[in-house]
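Trainee: mind looking at a prediction? Sequence and model below.
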2 protein chains.
Amino acid sequence: MLKIPDQQVVGHEAGVGKLGPFIDDSGRFYKPLESDKCGSEEVAFYESFSSNNEVPEHIRRFFPFFYGTKVMKASTGSEHPHIVLQDIASSSVNPSIMDIKIGARTWAPETFEAYVAKCLRKDRESTSIPLGFRVSGLRVYISDESGIYKPDRDAIRKSSPTDVKLLLRKFISSNPSAEMETDPDCSLASSVYGGPNGILAQLLELKAWFEDQTIYHFYACSILFMYEKGLALKGASSNAEVKLIDFAHVTEGQGIIDHNFLGGLCSLIKFISDILTKTTKLTVENGQIEQEES
Amino acid sequence: MLKIPDQQVVGHEAGVGKLGPFIDDSGRFYKPLESDKCGSEEVAFYESFSSNNEVPEHIRRFFPFFYGTKVMKASTGSEHPHIVLQDIASSSVNPSIMDIKIGARTWAPETFEAYVAKCLRKDRESTSIPLGFRVSGLRVYISDESGIYKPDRDAIRKSSPTDVKLLLRKFISSNPSAEMETDPDCSLASSVYGGPNGILAQLLELKAWFEDQTIYHFYACSILFMYEKGLALKGASSNAEVKLIDFAHVTEGQGIIDHNFLGGLCSLIKFISDILTKTTKLTVENGQIEQEES
């Protein structure tokens, strides 16, 4: 039983006459192959990655599991090849999801000029050049009553560095939407970004790999942040997860580390760890104030 | 008593009618101020850096000490303002020096278009884009008899990623020039790149700072590697030193880490540590072979 995923934060949505991804009940995600070179290159990456013994086991969990390709009836009605992947949101009820495209440069060195110019323009107009990454999509679950916070794509696309800092705080906040616009409470920072299984710890694990791996260069690839607010509020783990997605522009590393991805990743890590430091400090300060007053 | 430094590996050389730096006997280096904005921006950086309390003491040693500016008779014969700096090669007899421009991108985000285009072309034609750095100059002292190995600027400018890997090995090799061209022996790797005071250790210290500091972004800045072969051969420390130079394009960090510099630095670190790993392994293997044979 195929359906259109309602938790997608970026990319084309399946519709009448429009190609888009499907999910099924068994936890699989069907992504229509792009008809240009990108589609075949993404398949080539997944095939190479799945069979590459040099990729450490603890790093594989950051990538969706690859089941192969399948020609199937697309959302347009005609037969179309799809990449079959693990549906990384399948175990979540109300996930909060953020899609962050990593790297100041989204184009590989050996790309044709028109594509370089297009990417460079987008990189300069967005926060990619100043921050080393840009936010591509965001969905924050607030509550069953208040629904979700999901800024439109155009607003996200126009984010300044200051806006991006705010989005990274909104992502782990739970005060009602109006307040969140200006003063997100960061109430879930420690349970989502912090802790031994939190997002920061996962990013640091990825960073250690990127300091060393020279197999792949991940241009225009995204890091997804995901967590389940319902769990965090119950006092359980927030199921915070980091996943890499979108591999249509991966190239061979040729003995060189992916310094472009690594630089952006380190920049993102610095923002996340600053949020954690400030939140923890604030909690301690509030605690002290309360103690002094009591 | 001013003289023209003979250990310069990059930049303009003082001559009749040509502006260039001088050194004196007291260990000072006089760099003519560029007449455009670059000159005043480099002075502004040194003034800001010298007085900035946020820069940790252990990081200051990676920067030349700044003594101020001085109007003095230039190599052209006329009066010209100079930046007065520590002459970082003053205590060396026959230093080997390598100048490496760090960062895949040598232009700041807010630069005028013609300059962006010029830098981008150079970054793409050189190894800056693929490696995250490029070699700008090199001088390797071989011996009093064989003199120094100093490839010309044009050859260095045209280096491919493979050439750069070779230059990083030549820099710590001491076999005669002809052999060194194809098969550098890396005999000084452990005493120059390795050890607690070696170049790798210093680069890692810088890296830790760059993962955190958001004060400055160092565009088109160089890292100098320096060591004294004479000392290393005597069994003493090689006086290996890492210095940052050339700050005409430093901008304010505005709360963002310098992911462009950091990425390039990590790429360089990976090459240096690979050379060390291979050299150490080779030494161990040779040792084992000798043992087995004896």
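Mentor: Now that the structure is in, tell me what you want to look at.
Trainee: ok, for A:Ala104, nearest residue in space, not its chain neighbours?
Mentor: Leaving aside its sequence neighbours, A:Ala104 sits nearest to A:Gly132 (CB to CB, 6 or more residues apart in numbering or on different chains; 4.8 Å). To be clear about C-beta, it is placed using only N, CA and C from the backbone, and glycine gets the same treatment.
Trainee: swap in A:Ile245?
Mentor: Excluding the flanking residues, the one nearest A:Ile245 by CB to CB, 6+ apart is A:Ser222, at 5.2 Å.
Trainee: could you give the bridge partners of the one you found?
Mentor: A:Lys101, A:Ile245 (DSSP bridges).
Trainee: which single residue in the stretch 51-200 of chain A comes nearest to chain B?
Mentor: Nearest residue of the stretch 51-200 of chain A to chain B (CB to the nearest CB) works out as A:Gly132 at 3.7 Å.
Trainee: list the contacts of that residue.
Mentor: Residues in contact with A:Gly132, defined by CB atoms under 8 Å, 6 or more residues apart in numbering or on different chains, are A:Ile102, A:Gly103, A:Ala104, A:Gly263, A:Gly264, A:Leu265, A:Cys266, A:Ser267, A:Leu268, B:Ile256, B:His259, B:Asn260.
Trainee: can you do 7 Å?
Mentor: For A:Gly132, the contacting residues are A:Gly103, A:Ala104, A:Gly263, A:Gly264, A:Ser267, B:His259, by CB atoms under 7 Å, 6 or more residues apart in numbering or on different chains.
Trainee: contact residues of the stretch 51-200 of chain A facing chain B?
Mentor: A:Ala104, A:Arg105, A:Pro109, A:Ile129, A:Pro130, A:Leu131, A:Gly132, A:Pro161 (CB under 7 Å from any CB of the partner chain).
Trainee: from the residues you listed, which land in strands?
Mentor: Among those, no member falls in strands (DSSP state E).
Trainee: out of the residues you listed, which is most surrounded?
Mentor: A:Gly132 (28 neighbours; other CB atoms under 10 Å in any protein chain shown).
Trainee: local confidence estimate at it?
Mentor: Looking at A:Gly132, its pLDDT is 98.
Trainee: so which of the residues of the stretch 51-200 of chain A next to chain B sit within helices?
Mentor: Using DSSP state H, the members of those that fall in helices are A:Ile129, A:Pro130, A:Leu131, A:Pro161.
Trainee: is it true that the first one touches A:Asp123?
Mentor: I take that to be A:Ile129. Yes: the criterion here is CB atoms under 7 Å, and A:Ile129 meets it with A:Asp123 at 5.2 Å.
Trainee: what do those two both touch?
Mentor: Counting by CB under 7 Å, 6+ apart, the contacts common to A:Ile129 and A:Asp123 are A:Ala104.
Trainee: now find how far off-centre the helix or strand of chain A with the lowest mean pLDDT is within its chain.
Mentor: Lowest by mean pLDDT, DSSP states H and E among the helices and strands of chain A is helix A:177-182, with a mean of 79. Offset of helix A:177-182 from its chain centre (CA atoms, centre = their mean, to the nearest Å): 23 Å.
Trainee: from chain A, which residue is nearest to chain B?
Mentor: A:Gly263 (3.0 Å).
Trainee: what about that residue, how many residues nearby?
Mentor: By other CB under 10 Å, neighbour count at A:Gly263 equals 33.
Trainee: again with A:Ser78
Mentor: 8.
Trainee: nothing else from me, thank you.
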